[in-house]
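1. Fold the following.
(2 chains, ligands or ions: 3)
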Amino acid sequence: MATQSTHFIPVKKVRQQDFASDQEVRWCPGCGDYAILATLKRVLPDLGIPREKYVFVSGIGCSSRFPYYMNTYGIHSIHGRAPTIATGIRLANPELSVWIITGDGDGLSIGGNHLIHIMRRNVNVNIILFNNEIYGLTKGQYSPTSPKGQVTKSSPYGSIDNPFNPIKVALASGATFVARTVDRDTKHMAEIFRRAARHKGVSFVEVYQNCVIFNDGAFREVTDPQEKPEHALYLEHGKPLLFGKEKKKGLRLHRFHLEVVELDDPEQADDILIHDQHNPDTAYATLLAELTDKENMPIPLGVFRSIEMETYEEAFFRQIETVKTMKGEGDLKQLMVSGDTWEVKA
Amino acid sequence: MAKTHKTVIKVDDVTVRFAGDSGDGIQLTGKQFTRTTALIGNELSTFPDFPAEIRAPAGTTYGVSGFQIHFGSHPIYTPGDKVDVLVAMNPSALKVNIKYLKPNAIIIVNEDNFTERNLRLAGYPKNPLEDGSLKGYQVYPVPVTELTRKALEALGLSQKEKDRCKNFFALGIVYWLYNRPLEPTIEWIQKKFAKRPELAKANILALKAGRNFAESTELFASHYQVEPAKIRPGVYRNITGNEALSLGIIVAGRKAGLDIFVGSYPITPASDILHELSLHKNFGVKTFQAEDEMAAIGAAVGASFAGDLGVTATSGPGMALKTEFLNLAVMTELPLVIFDVQRAGPSTGMPTKTEQADLLFALYGRPGESPVPVVAPRSPSDCFYAAFEAARVAIQYMTPVIVLSDLYLANGAEPWRVPDLDQLPPIALTSAQPGEEYLPYQRDPETLARKWALPGTPGLEHRIGGLEKEENTGNVSYDPDNHERMVKLRAEKVERIRDILPEPEIEGPDEGELLILSWGSTYGAVVTVMQELRKKGREVSHYHLRWLNPLPRNLEYYIRNFNHVFIPEVNLGQLSRIVRDRYLIDAVSFNRVKGQPLMVQELKEAIEQILAR
Ligand SMILES: Cc1ncc(C[n+]2csc(CCOP(=O)(O)OP(=O)(O)O)c2C)c(N)n1
Ligand code: SF4
Ligand SMILES: [Mg+2]
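-> Ligands and ions are numbered 1, 2, ... in the order given. Predicted coordinates for the structure are as follows:
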């Protein structure tokens, strides 16, 4: 326990182990959540933010246990509602680095409304959505991201729901930073987390997370070493959209959709799109996001969109300042007698 | 001005109701009458009766807007059961308000509006001014529209602009009837229309014309004098319940040295709280209009976690949505103030009508053993103190607190002697200090409150949440004994709030035949009844509950001292249930659930009946 405030001593470098709480981690052995926890603990010390400034806010789900395992401030709240709490925290104290940990059920089903609204407002928080395409904590029902036809406990004959594409939800909600990564690729994940943290405004990161118990191998295409090269499309700003074992395949715009071209074909190689994460329109990023749901198309990983926009907090506090300049610091005595008053004399 | 030779009759108190189309400026007229009446030193209470529709078609019954004022030379506690004078600007206004009139009441109507079309819209097959159906009243048909136009003839205004002044003509008549000066209204008009002097002139002319008309014609046989009341010296203002809640919470924030964070979602009749607080961003007030009621209270909880005082305001349907977060606030033991401005339910119910039916919901309407302190203001101005006290309890005991107001208080207004803020008690925070050995669920031995440790403070990092907590450490715990202990600790903490609450005092003798036990907005009606009964020599006492949880210690003592405990409520007997359950007594429940406040007369009759037994 610190006996001196860290404000007065040179900030000691916070290390990865400083972020570990004394609570026993209770996810199933082999769960993808472990890798995400470890990666985040590795990334946070690099951000130059003192530990006491971090707040982790979660809803309910396996993923939402996360705050208990971080030795920072945290609230494990109620199902789906973490964005509301996070918004309140940011507006009470905009100095804090606020992280929302949510699941596909938590964020996109019961909490869908809050999720889209925090993104449209561009509240400066980092949202990490653990997508395992299943309800883990309640032991295996289909979720709003489960593919159609998925057999689960509550869909023994296959799910008939059309799934959400989380990246599209984020883009449609106006999120200013939208990215996707995978639990098995911790290097990539670390890089994405770092960029999300540095982004000013809302950052939305979908993490493909393997639930070994109820939905094992859901993301095999991008985690299996054999399959991955053929299926993973790594998005890098300013670089061509290439994938395949030898990076011999690329994407180009044809009419209103993306199509695969072979690099060997000199006729087509020049058409390959260069990734532009700063494209102000969401149309381009949406085209990329939709690849995920198409047969024979690669799955994009990386940053879909990253644009600069005023944050909600900036507007919020600027307005308060404007009112203060306009009206002066509030005088209570004056306020008490505002409107019509009259005096009754003794 | 010709001196009047008509007789002046002294009366103790009077109830006047202005009614007309929403577009007739009824609310404004009522407010002007209120202002003048307050200025000349009468006691008063007012209530607006808004139509439910935003812009109902002109002339319809559902488009009628009303404003009622009860004023007198003695203390006034309600806007009045029944009306002495009705000013009806059209047939519909007469139609919907006739049921509120006393026998032989004065009705002043704008006869120009009693056209065939308007009579049809009001559903009158025949003109009530002509068919003798108003025989039991003193009816004064006045061609208000025509006379107003005539008075403004010389001004270069459009017909429409002239007609807009007719409410001031009507106001002039009533001013004459009750012997009120025109000056306060004239001054107000001059200020209001400073940029349009021609309109100021027109409205003043209309006002004077109305008064002169009443004075010079033989219209009324007499006029009335209501002497000033004995009013405590001081600076006064009018205040509605919703304004008072807003002010109370702002003052509490200042006293505690905290910013107020208001998360809210619009809903009748609570929206005005959000509107009011949104204006005062220079008072350390942050307002956030959320996407729904859950988000509104959720953001407030988040803000409280991070060091502001979270506040949320709502009514029935929104209250239902907030229960989940209320429970999180109970579990995480964070300060939070919830304003529930009750309206008639269930479900959407009657959004513009009042009720007291959320009491059991506020006390018990949450899964699990979930104790929440509940305070109920008794009058519009009392909302100020209730909000302040709620904030004080929330902060000092680290708990959510529900303030049970209702539509009747929210929209009702009364003059309020502006208090000296230095007289309000201080609000002490339970803050943990940087560097101290912090256990999130360690409690103050007296209050049982845990300490508030704000994110950003080095060394106090901790996690809280909805899962059951181990005593002291706050670690997640499923231990059976720990759970029972925590359930009891949370309940005990709320019980201990009594230590800082003054106990209500009984009005009347400590023991006797009948005790009226009331809570919330019925206060005014009950006090009025009490005074009338005691004047007649009846043996009754009155005890008014302010905090419904925890209940005051002296309540049981009084309850056992009376032969009858009579509990009037605007619900089906919710406090009665609690009293019967806790004290095993045969309380008499008196209930009305009509979306209206309790009427003095019916209350009095019911009590007389019991006393006569
Ligand atoms: C209001 C409410 N409804 C239902 C539940 C039960 N519940 C807990 S977690 C959960 C689903 C979690 O799924 P997800 O968000 O995908 O998280 P995961 O466990 O997969 O990480 C449900 C339905 C709850 N805790 N609260
Ligand atoms: S159920 Fe699935 S998601 Fe939950 S901890 Fe186990 S493996 Fe992880
Ligand atoms: Mg899931």
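2. what's around residue 22, how many residues?
-> In the absence of a named chain, chain A is used. As a burial measure, A:Asp22 scores 9 neighbours (other C-beta atoms under 10 Å in any protein chain shown). Every residue, glycine included, has its C-beta placed from N, CA and C.
3. was after chain B, sorry
-> Neighbours around B:Ser22, by other C-beta under 10 Å: 18.
4. if I read this right, it contacts B:Ala52, doesn't it?
-> No. If you go by C-beta atoms under 8 Å, B:Ser22 and B:Ala52 don't touch, sitting 10.8 Å apart.
5. other SSEs contacting the helix or strand of chain A with the lowest mean pLDDT?
-> Across the helices and strands of chain A, mean pLDDT, DSSP states H and E gives its lowest value to helix A:266-269, namely a mean of 73. Helix A:266-269 sits against strand A:249-254, strand A:257-262, with contacts defined as 3 or more C-beta pairs under 8 Å, 6 or more residues apart in numbering or on different chains; DSSP states H and E.
6. Sheet partners, orientation included, of the last one?
-> Taking DSSP bridges as the criterion, strand A:257-262 sits next to strand A:249-254 (antiparallel) in its sheet.
7. Just the CA trace of the strand it pairs with, in CSV.
-> Taking Å, rounded to 0.1, in the frame of the first residue of the first chain, the C-alpha atoms of strand A:249-254 are listed here in CSV:
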residue,chain,number,x,y,z
LYS,A,249,-4.7,-11.9,-53.5
GLY,A,250,-6.1,-8.5,-53.3
LEU,A,251,-9.4,-6.6,-53.2
ARG,A,252,-10.7,-4.0,-55.6
LEU,A,253,-13.9,-2.1,-55.9
HIS,A,254,-16.2,-3.5,-58.6
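8. Give me the phi and psi for the most centrally placed residue in chain B.
-> The residue lying closest to the centre of chain B (C-alpha atoms, centre = their mean) is B:Leu409, at 1.0 Å. With angles defined as degrees, to the nearest 10, B:Leu409 sits at phi -80, psi -40.
9. pLDDT score for it?
-> B:Leu409 carries a pLDDT score of 98 in this model.
10. what do you get for B:Ser246?
-> pLDDT recorded at B:Ser246 is 98.
11. any idea which helix or strand comes after the helix or strand that contains it?
-> Per DSSP states H and E, B:Ser246 falls inside helix B:241-256. For helix B:241-256, the following helix or strand on the C-terminal side (DSSP H and E) is strand B:260-264.
12. tell me what that following strand is packed against?
-> By 3+ C-beta pairs under 8 Å, 6+ apart, strand B:260-264 packs against helix A:82-92, helix B:241-256, helix B:271-278, strand B:285-289, helix B:293-305, strand B:309-314.
13. and with 6 Å instead?
-> Counting contacts by 3 or more C-beta pairs under 6 Å, 6 or more residues apart in numbering or on different chains; DSSP states H and E, strand B:260-264 is packed against strand B:285-289, helix B:293-305, strand B:309-314.
14. just the CA coordinates of the least confident helix or strand of chain A, formatted as CSV?
-> Extracted C-alpha coordinates of helix A:266-269, given in CSV (Å, rounded to 0.1, in the frame of the first residue of the first chain):
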residue,chain,number,x,y,z
PRO,A,266,-1.0,-7.6,-64.1
GLU,A,267,-4.2,-6.3,-65.6
GLN,A,268,-5.8,-6.2,-62.2
ALA,A,269,-3.0,-5.6,-59.8
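15. Now do it: everything it contacts.
-> Applying C-beta atoms under 6 Å, 6 or more residues apart in numbering or on different chains, the set of residues contacting helix A:266-269 from outside is A:Val261, A:Leu263.
16. What residue in the stretch 251-400 of chain B comes nearest to ligand 1?
-> Relative to ligand 1, the nearest point of the stretch 251-400 of chain B is B:Glu324 (6.5 Å; C-beta to the nearest ligand atom).
17. hmm, back to that, what would the helices and strands packed on strand B:260-264 look like in TSV with mean pLDDT?
-> Formatted as TSV, the helices and strands packed on strand B:260-264 follow (pLDDT from 0 to 100):
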stretch	mean pLDDT
strand B:285-289	98
helix B:293-305	98
strand B:309-314	98
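18. can you put the ones you listed in TSV and add distance to ligand 3 and mean neighbour count?
-> Formatted as TSV, those follow (distance: least, C-beta to the ion, whole Å; neighbours: other C-beta atoms under 10 Å in any protein chain shown):
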stretch	distance to ligand 3	mean neighbour count
strand B:285-289	29	22
helix B:293-305	21	31
strand B:309-314	29	31
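19. Nearest to B:Gly253 among the ones you listed would be which one?
-> With C-beta to C-beta as the criterion, B:Gly253 lies closest to strand B:309-314 of the helices and strands packed on strand B:260-264, at 5.8 Å.
20. just checking, what packs against the closest one?
-> strand B:260-264, helix B:293-305, strand B:336-342.
21. Can you list the low-confidence ranges for chain A?
-> A:1-12 (pLDDT under 70).
22. got the contact list for the residue in it that ligand 3 sits nearest to?
-> The minimum distance from chain A to ligand 3, using C-beta to the ion, falls at A:Gly103 (3.9 Å). Going by C-beta under 6 Å, 6+ apart, A:Gly103 touches A:Gly61, A:Ser63, A:Phe130.
23. So which of these belong to strands?
-> Members of the contacts of A:Gly103 lying in strands (criterion: DSSP state E): A:Phe130.
24. Buried subset of the contacts of A:Gly103, written for PyMOL?
-> Those of the contacts of A:Gly103 that count as buried under 16 or more other C-beta atoms under 10 Å in any protein chain shown are selected in PyMOL with:
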select buried, chain A and resi 61+63+130
